[in-house]
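Enquirer: Quick one: sequence and predicted model below, then my questions.
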Number of protein chains: 2
Amino acid sequence: MTLTRADMAALDAADPLARHRDAFDLPDDIIYLDGNSLGAMPRAARTRLAHVLDAEWRTGLIRSWRGPTGWMALPRKVGDAIAGLIGAAPGEVIVADSTSVNLFKLLAAALAMNPGRTTILSEPDNFPTDLYIAEGLARLVGPAARLKIVPRAQLAGAIDSDTAVLTMTHVDYRTAEILDMAALTRAAQAKGALVLWDLSHSAGAVPVDLNGSGADLAVGCGYKFLNGGPGAPAYLFVARRHQDRFVQPLSGWLGHGAPFAFETGYRPASGIARALCGTPPVLSLAALDEGVQTVVAAGMPALRAKSMALTQRFIDLAAQECPELVLASPRDSTRRGSQVSFHHSQAERVMEALIATGVIGDFRTPDVLRFGLAPLYVRFADLWDAVARLKGALSRL
Amino acid sequence: MTLTRADMAALDAADPLARHRDAFDLPDDIIYLDGNSLGAMPRAARTRLAHVLDAEWRTGLIRSWRGPTGWMALPRKVGDAIAGLIGAAPGEVIVADSTSVNLFKLLAAALAMNPGRTTILSEPDNFPTDLYIAEGLARLVGPAARLKIVPRAQLAGAIDSDTAVLTMTHVDYRTAEILDMAALTRAAQAKGALVLWDLSHSAGAVPVDLNGSGADLAVGCGYKFLNGGPGAPAYLFVARRHQDRFVQPLSGWLGHGAPFAFETGYRPASGIARALCGTPPVLSLAALDEGVQTVVAAGMPALRAKSMALTQRFIDLAAQECPELVLASPRDSTRRGSQVSFHHSQAERVMEALIATGVIGDFRTPDVLRFGLAPLYVRFADLWDAVARLKGALSRL
C-alpha cells in the first residue's frame, strides 16, 4: 500500500508527544533531521540563560556558586536527572568536561581497578574519539596499557585474561545499530574485564539500562538527543559498587574532598564527585539542565515508541520514493537507534543538495547519508516532506 | 597626610579608564572586590548570548559550526586575542577545557619532550589544583614522573638534571606576589628543564611577556580578570618552537588533523590545534570572547597603571583606617598583582560581616582577607567605601 502525506499527517494528529514540539524553537523553513549531531534549542534555554546572566552572574556574582541551587550543585543535579534516563541511580552520574576527557578518566581508572591487566579492547567502528583517547592513554602509560581493536562481531571472543576494560559506543554513530549492552557486559565480566559504554548516541533517544545490564562505567555527551546546546558538557557514570576504589587521574580541585581547604595534597571526594576536575562552564551547563528536562518531561518509553515509529516510516517512505538508496541501518526497529542511514555512491553531493532545499541531515564518510529523527520535535509529515525533497535531489544528480 | 573620600573621587575624575566601567553591568548596592575569583558581567555578554542562542543555535543549528566566524573557529580566535595580552604570538594560544585539564596536557607533554627526566618541580604555595594535577599524573605514569615540592625561595636551587618541568603560578593566589618569570625561566632552562606558567591570576591584570621571558608552556583560566563568566573555558600556550614535537595525551577528536575524516587512528593537527580535545562549550566560550574583548579594549599598560594605583591606595587607606590588619601582599607595587590581602586572626568572621554590608571580597584559609581590585570596573571611591565598612566590621568584633 502506498504511503501518502495524509497518512503522515494522521500519525501526527494521533501523536501523544506532538505537544512537546512546542518546547522547542525551530525555524519554520527548515526540516531538521540532525538532532543526533546537535539537538534543537529548547525555548527554556533562552529564559534560563537570561536568569543565569542577570540574576546569577550579574547580581549574585561570586555568591552564586553557593547554596542548594547554586552553581556548585549543578553537576550533580543535572547528573541525577540524566541518571534517570539511562538506568542509573542518583549519585552515580555527574556532569563534567567533554566526552573525550571523561573517557580518559574512566579508561585510566579502569586500568587501575583491574591491576595486572593491560588491554583496552574496542572495535574499529567505535566513535573515533573513543579510539583516539584510548590510544593517547596507552601512549602515555607505556607498557601498562595497549589498545586492541577487533571487528565488532569478534569482540566477545577477544576478551581474555589480559582485558582490563572493554569499551564500546552503545549505538553506532554511522548505522544506528544498538549493541547488546547486557550480553556484552556479561561476556566481559565473565572474563574479569570491566565495561565502559559511550552513550552519546543513546541517551534521550534509546532506553538504556546501565544497572539492569550490570554496567561498570559509562560516558556520554549532552548536545545530541539531550538538547544541551553546542558543546554542552558531558557526563559520566560509575556504578555505586565501584565508587570507593575508583580514582581518576585528572585529579583537579573540584574532585577534591575539600576544594576550599586549599590543601597541598589531593584526597578524592567521596562518591561520584571525585570524577570532577576543574570548574564547570556554567552557562553551557545551565542550558544542558534545560535540555535534559525536555527529555525527562516526555519520558523514555513514549520517546522510544515514537522514535521506532519515525525511523520505520522513514525507511518505508525512502523505499517507496527513493529505491536507489541502500539502507545502512538495521531493519529490525528494536536494534535501531533514533537515526536512519543510507549508502549512496554520491552521498556527499546528495546531502549538499538536500540541505540547500532546507532539509538538514548529514554526510558521514565514506558514503553515508545520515538522518537523525529526534522524537521530541520531528513530525511524521516532516518525513514525507524530507523524502520528497530527497527524491528531487537524487533525480537532479 | 590623611586620605579622604574626596581624594579618591578626584582620582576617579582623572581616571582614563573610568568609562570602561560602563562596559559592565554591576549591581548598585554592591562594591565588588572579588573580580580575581569571578569577573563582573560585561554588558556585551547579554547581547552575545542572545545572538548565539537565536541566530546561531536556534536558526543556524548544526550549520553554525562552519565558516570563518563559526563555532569551530572560536577556540583559536579567542586564543589569539588572549595571546595579545600575555606576550604570545597568534597561533601560540588556544582556548580549551579547564585550567586543570590543560595543566595535565602540558605537564604530560613536557615529560615526553624531556625524555629521561622524571621530576615535575613545584612549590607548596602554588595553586592547589596545579599540585593535585601533577600528583595525579605522577600516580598514573608511575616511575616515569614524580612531583617534587620545595619552598618558593629554594626553587631555583632545586632544579637539577632530573627536572623535566618547573611549574608555578605567576601571581600567588593568596598574597598577589608576582614571581620573576624571566629569571625562573632562565634558571630552569639553564639546567635543561622546561617551564610551565599558570597565568590564572595574571592575565588581564598584570602584564605578562611569555615570549620575552622565553617561556615554554602556560595555562590560565578565563573567569577571573578576563571576565569570561562562571567556569569560562581556559586557555593554554605552547611556544611556537615546541609545537611540532608537542603531543599531548588527551588526544580527542578536535585535536586530530582531520576531525571529520573519522579515521580510526589519531594523528595530531598541526600547530596549537593539537592541544584541543573534545567539543568546546560554545555558550561559555562566546561569553569568554566578550570578556576578553573588555580587556583588549582597555589595553594592558593602562590597566596595569590603574591596578598599581588601586592596590597602593587600598593599602594606604587600610593602614590609615584599620591599622590592626597585617598586610600579606608585597609593599612594592611592581611585585604585586591586582589584589591586596591582609592577615587577621578572625579573617573568616570579618569577611562574613563585610559581605553583609555589601562589600564582596573573599576569605582564604587560614587567616587571609583577600580583595581583588579589577582595574576595569573598580573605582577609587569604592576603595574608600570598602575600607570604611571594613573598619566598621572590625570594630564590631
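Expert: Looks like it came in fine. Predicted model, so just to flag it, every value in this text is computed and none were measured. Residues are numbered from 1 along each chain as shown, chains lettered A, B, ... in the order given.

Enquirer: and chain A, what are its domains?
Expert: A:5-32+A:299-395, A:48-297 (automatic domain parsing).

Enquirer: Out of those domains, which one sits most buried?
Expert: Mean neighbour count (mean count of other Cβ atoms under 10 Å in any protein chain shown) peaks for domain A:48-297 among these, with a mean of 22. For the C-beta atoms, the positions are set from N, CA and C on the backbone; glycine is no exception.

Enquirer: Touching, residue A:120 and residue A:144? I think so.
Expert: No - using Cβ atoms under 8 Å, residue A:120 is not in contact with residue A:144; the gap is 10.7 Å.

Enquirer: Need the overlap of contacts for these two.
Expert: Listed as contacting both residue A:120 and residue A:144 by Cβ atoms under 8 Å, 6 or more residues apart in numbering or on different chains are residue A:111.

Enquirer: sorry, back to before: of all the domains of chain A, which one is nearest chain B?
Expert: Closest to chain B of the domains of chain A is domain A:48-297 (Cβ to the nearest Cβ; 2.6 Å).

Enquirer: Okay, now that closest one: how far is its last residue from its first?
Expert: 17 Å (Cα to Cα, to the nearest Å).

Enquirer: My guess is residue A:129 contacts residue B:260. True?
Expert: No - using Cβ under 8 Å, residue A:129 is not in contact with residue B:260; the gap is 11.7 Å.

Enquirer: Surely residue A:47 is within a strand?
Expert: No - judged by DSSP: H, G, I helix; E, B strand; the rest coil, residue A:47 forms no part of a strand; its state is helix.

Enquirer: Around it, how many other residues sit close by?
Expert: 11 (other Cβ atoms under 10 Å in any protein chain shown).

Enquirer: picking that back up, among the domains of chain A, which is nearest residue B:315?
Expert: For the domains of chain A, the distance to residue B:315 is smallest for domain A:48-297, at 22.4 Å, taking Cβ to Cβ.

Enquirer: host element of residue A:8?
Expert: Element membership for residue A:8 (DSSP states H and E) is helix A:5-13.

Enquirer: From the contact counts, what lies against that helix?
Expert: helix A:300-321, helix A:380-395 (3 or more Cβ pairs under 8 Å, 6 or more residues apart in numbering or on different chains; DSSP states H and E).

Enquirer: tell me the angle that helix makes with helix A:300-321.
Expert: 180 degrees (axes from the mean of the first three to the mean of the last three Cα atoms, to 10 degrees).

Enquirer: Helix A:5-13 vs helix A:380-395, what angle?
Expert: Going by the same axes, to 10 degrees, helix A:5-13 makes 140 degrees with helix A:380-395.

Enquirer: Helices of the stretch 201-350 of chain A, start to end?
Expert: Along the stretch 201-350 of chain A, the segments classed as helices by DSSP state H, counting those that start in this stretch run A:210-213, A:282-298, A:300-321, A:347-356.

Enquirer: need the ones you listed in CSV with distance to chain B and mean pLDDT, can you?
Expert: As requested, the helices of the stretch 201-350 of chain A are exported to CSV (distance: least, Cβ to the nearest Cβ, whole Å; pLDDT from 0 to 100):
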stretch, distance to chain B, mean pLDDT
helix A:210-213, 21, 98
helix A:282-298, 3, 98
helix A:300-321, 18, 98
helix A:347-356, 8, 97
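
Enquirer: For residue A:26, which of those is the nearest?
Expert: The minimum distance between residue A:26 and these falls on helix A:282-298, with 12.6 Å, by Cβ to Cβ.

Enquirer: Work out the gap between the closest one and the centre of the chain.
Expert: Averaging C-alpha positions (Cα atoms, centre = their mean, to the nearest Å) puts helix A:282-298 14 Å from its chain's average.

Enquirer: Repeat that for stretch A:8-19.
Expert: On Cα atoms, centre = their mean, the centre of stretch A:8-19 falls 26 Å from that of its chain.

Enquirer: CA atoms only for that stretch - export them in CSV, please.
Expert: C-alpha atoms of stretch A:8-19 as CSV (Å, rounded to 0.1, in the frame of the first residue of the first chain):
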residue,chain,number,x,y,z
MET,A,8,1.8,11.0,7.9
ALA,A,9,-0.5,13.9,9.0
ALA,A,10,-2.8,11.4,10.6
LEU,A,11,0.1,9.9,12.6
ASP,A,12,0.9,13.4,13.8
ALA,A,13,-2.7,14.0,14.8
ALA,A,14,-2.5,10.9,17.0
ASP,A,15,1.0,11.5,18.3
PRO,A,16,0.9,11.8,22.1
LEU,A,17,4.3,13.6,22.0
ALA,A,18,3.1,16.2,19.4
ARG,A,19,2.7,19.0,22.0
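
Enquirer: which residues are contacting it?
Expert: A:298, A:302-303, A:306, A:309, A:313, A:375-376, A:379-381, A:383-384.

Enquirer: switch the cut-off to 6 Å
Expert: Identification of contacts with stretch A:8-19 by Cβ atoms under 6 Å, 6 or more residues apart in numbering or on different chains yields A:298, A:302, A:306, A:379-381, A:384.

Enquirer: Relative to residue B:106, which of those is nearest.
Expert: Among the contacts of stretch A:8-19, and counting by Cβ to Cβ, the member closest to residue B:106 is residue A:298, at 42.9 Å.

Enquirer: So the closest one versus residue A:377, what's the distance?
Expert: Residue A:298 sits 10 Å away from residue A:377, going by Cβ to Cβ, to the nearest Å.

Enquirer: Please apply the same query to residue A:49.
Expert: For residue A:49 relative to residue A:377 (Cβ to Cβ), the value is 20 Å.

Enquirer: how big is the angle separating the helix or strand hosting residue A:132 from helix B:128-141?
Expert: Secondary structure from DSSP H and E places residue A:132 in helix A:128-141. Calculated by the same axes, to 10 degrees, helix A:128-141 forms an angle of 80 degrees with helix B:128-141.

Enquirer: near chain B, anything from helix A:128-141?
Expert: Yes - judged by Cβ under 6 Å from any Cβ of the partner chain, helix A:128-141 comes into contact with chain B at A:128-129, A:131-133, A:135-136, A:140-141.

Enquirer: how about these in TSV, adding pLDDT?
Expert: As requested, the residues of helix A:128-141 next to chain B are arranged in TSV below (pLDDT from 0 to 100):
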residue	pLDDT
A:128	94
A:129	95
A:131	97
A:132	97
A:133	98
A:135	97
A:136	98
A:140	97
A:141	96
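
Enquirer: What are the boundaries of the strands in the stretch 101-250 of chain A?
Expert: Assigned by DSSP state E, counting those that start in this stretch, the stretch 101-250 of chain A shows strands spanning A:119-122, A:146-149, A:163-169, A:194-198, A:217-220, A:235-238.

Enquirer: what sits up against stretch A:276-291?
Expert: A:42, A:44-45, A:48, A:52, A:71, A:74-75, A:78, A:96, A:222, A:226-229, A:232-233, A:250, A:252, A:254-255, B:98-101, B:229-231, B:281, B:283-284, B:287.
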